[in-house]
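sequence and predicted structure are below.
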Amino acid sequence: MKLTINEVIAAVGSYNKINKEKFNLKTSYKLARLFDTLQKESDRYENLTREAIIKYSKKDEDGNPIINQSE
């Protein structure tokens, strides 16, 4: 099964809704494993995005990336 990163992020966001429901042990275990995997992928994407922003952005005097610059 292939998911886009947007689908992964949306699925991670729906975890709180699904987590409130009652499931049998087998289903709960599979859902927990699924959401752990999705969370790891979401975190990996977030970290890579943050690293790219830091690497390729313009920096201020302190070496911090300039996010919103009004010219």
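Cool, the structure landed. Numbers count the residues shown, from 1 in each chain.

by mean pLDDT, point me to the weakest helix or strand of this protein.
helix 15-19 (a mean of 82; mean pLDDT, DSSP states H and E).

now do the following helix or strand past that one: distance to the chain's middle.
Following helix 15-19 in sequence order, the next helix or strand is helix 25-56 (DSSP states H and E). Centroid separation for helix 25-56 versus its chain: 5 Å, with C-alpha atoms, centre = their mean, to the nearest Å.

and helix 25-56, what does it pack onto?
Counting by 3 or more C-beta pairs under 8 Å, 6 or more residues apart in numbering; DSSP states H and E, the packing neighbours recorded for helix 25-56 are helix 5-13, helix 15-19. C-beta here means a position set from N, CA and C on the backbone, and glycine is covered the same way.

mind doing that once more with 7 Å?
In terms of contacts (3 or more C-beta pairs under 7 Å, 6 or more residues apart in numbering; DSSP states H and E), helix 25-56 is packed against helix 5-13.

list the buried ones in the helix it packs on?
The neighbour-count check on helix 5-13 (16 or more other C-beta atoms under 10 Å) flags Val8, Ala11, Val12 as buried.

now the residue positioned nearest the centre of the chain, nearest residue through space, not along the chain?
Residue closest to the average C-alpha location in the chain (C-alpha atoms, centre = their mean): Ser42, at 2.7 Å. Once flanking residues are discounted, Ser42 sits nearest to Val12: 4.8 Å by C-beta to C-beta, 6 or more residues apart in numbering.

enumerate every residue touching the one you found.
Leu38, Gln39, Ser42 (C-beta atoms under 7 Å, 6 or more residues apart in numbering).

using CSV, lay out the residues you listed together with distance to Ala32 and pLDDT.
CSV is the format used below for the contacts of Val12 (distance: C-beta to C-beta, whole Å; pLDDT from 0 to 100):
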residue, distance to Ala32, pLDDT
Leu38, 11, 91
Gln39, 10, 92
Ser42, 15, 92
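
brilliant, that's me finished.
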